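[1] When you get a sec, could you give me coordinates for this:
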Amino acid sequence: MIKDKVKTLWELCFDDSQAFIDLYFRLRYKDEITMTIQDGEEVVSALQMIPYPMTFCDKEIRTSYISGACTHPDHRGNGAMRELLSQAFERMTNEGVMLSTLIPAEPWLFDYYARLGYVPVFRHSLQQVSDAGTTDEEVVIRKVSDYDPEAYRYLNHKMHERPCCIQHTSDDFKVILADAAVSGGSVYIASVGNSIVGLAVTYLRESGLYINELFSDSPKVKAGLLHHIAFENTTQKGMFFITPPALGAEQSVLGMARIIDALGFLQLYAAYYPEKEMSIELTDKYLSVNNGYYYLNKGKCTHSKQRLSDSPLKLTISELGELLLAPMQPYMSLMLN
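    Residues are numbered from 1 along each chain as shown. Sure thing, here's the model as predicted:
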């Protein structure tokens, strides 16, 4: 089975726990989203293209998250991953995907993926937190380990309030629950009566306990969740809160994005910003369908292979991604990275 061969390659290339690997290949891996290069019967390079919705310009677009990209040590340096990603871009185009995202496994990979058109636009802020006070008596906080449709509805509603953010399906939420359990973390729900008013997801790392998401209907509920999590944090290590990039706070790069469908992306952008007028000459080394001239005017975007205006702005696909996405401060979380 191809799945077993990909799993063997993963175990060779990544320093993940066996519990995490088993979880990934039980709940997340699918043959139909996997691409490989083989040498005889051996899989020497592989990746998965996990579909995620994303809010963008008041719409929901299709994205493809590159996961588990790896090449056997004996076959590195031969362009196998570059070829695999090039094939993946073509497949994404055919499947109507607008954007590809990923989180580099190592810092040096940011430069590698940049050469393929990815730009580091997903950022987050990190703050160390201490016990934030007390929990209001009306607020009941409990852990959940099994899928709860009401909890997912609350998470989904809150995440959709973010204007440029990777979203999670109900199946994703099941994976999030399992991943939190494997990592020594938890998923907490805060309720008042029968209504959910807050939710938090924590993960345990070597450096401490990390709150990867926390949503609440009020500052009081947020304080209660933080207090409850701090009370249960018996690691004797710090507690850290990961949030979307905050003004005045230090920001760190988490993930990268690459535009796959330039025309579709620009059409949504133009409709959302009808006041913007732009003339662009775009080049894409890996997706020739994106090459050409784009004209944004009065909420519309048209594409031509021939220049129709003077002095267009010359951009590569990565420069276009930076220009459009960076000001929006896109966000991703709970990505099983």
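[2] Toward the C-terminus, what is the element adjacent to the helix or strand of the chain with the lowest mean pLDDT?
    The helix or strand of the chain with the poorest confidence is helix 219-232; it has a mean of 90 (mean pLDDT, DSSP states H and E). The C-terminal neighbour of helix 219-232 among helices and strands, as given by DSSP states H and E, is strand 238-243.
[3] Flag every buried residue along that following strand.
    239-243 (16 or more other C-beta atoms under 10 Å). (Each C-beta comes from the backbone N, C-alpha and C, glycine too.)
[4] Show me which of the residues you listed is closest to residue 9.
    Nearest to residue 9 among the buried residues of strand 238-243 is residue 242, at 29.9 Å by C-beta to C-beta.
[5] quick check: domain ranges of the protein?
    With domains defined by automatic domain parsing, the chain comprises 2-102, 126-243, 262-315.
[6] ends of the last one, how far apart?
    This means domain 262-315. 12 Å (C-alpha to C-alpha, to the nearest Å).
[7] what is the rounded mean pLDDT of it?
    Across domain 262-315, the average pLDDT comes to 95.
[8] Now do the buried residues in the top strand by length along the chain.
    Longest strand in the chain by number of residues (criterion: DSSP state E): strand 42-56. Neighbour counts using 16+ other C-beta under 10 Å place 43-50, 52-56 of strand 42-56 among the buried residues.
[9] which among these gets closest to residue 280?
    residue 56 (18.2 Å).
[10] now the helices: where do they sit in the protein?
    For the chain, helices defined by DSSP state H occupy the ranges 2-13, 18-23, 80-94, 109-114, 149-159, 170-182, 219-232, 262-272, 317-325.
[11] Residue 299: which of those helices is closest?
    helix 262-272 (5.2 Å).
[12] Output the contacting helices and strands for the closest one.
    strand 59-71, strand 292-297, strand 300-304, helix 317-325 (3 or more C-beta pairs under 8 Å, 6 or more residues apart in numbering; DSSP states H and E).
[13] Would you format those as TSV with mean neighbour count included?
    Shown next, in TSV, are the helices and strands packed on helix 262-272 (neighbours: other C-beta atoms under 10 Å):
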stretch	mean neighbour count
strand 59-71	20
strand 292-297	18
strand 300-304	15
helix 317-325	20
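[14] looking at these, which is closest to residue 207?
    strand 59-71 (23.5 Å).
[15] Mind giving me the packing neighbours of the closest one?
    Packing partners of strand 59-71 (3+ C-beta pairs under 8 Å, 6+ apart): helix 2-13, strand 42-56, helix 80-94, strand 99-102, helix 262-272.
[16] Point out the most buried one among the ones you listed.
    Each of these was assessed for mean neighbour count using mean count of other C-beta atoms under 10 Å. The highest is strand 99-102, with a mean of 24.
[17] So what touches it?
    Identification of contacts with strand 99-102 by C-beta atoms under 8 Å, 6 or more residues apart in numbering yields 49, 52, 54, 56, 61-67, 69, 88-89, 92, 113, 118, 122, 166, 255-261, 265, 332.
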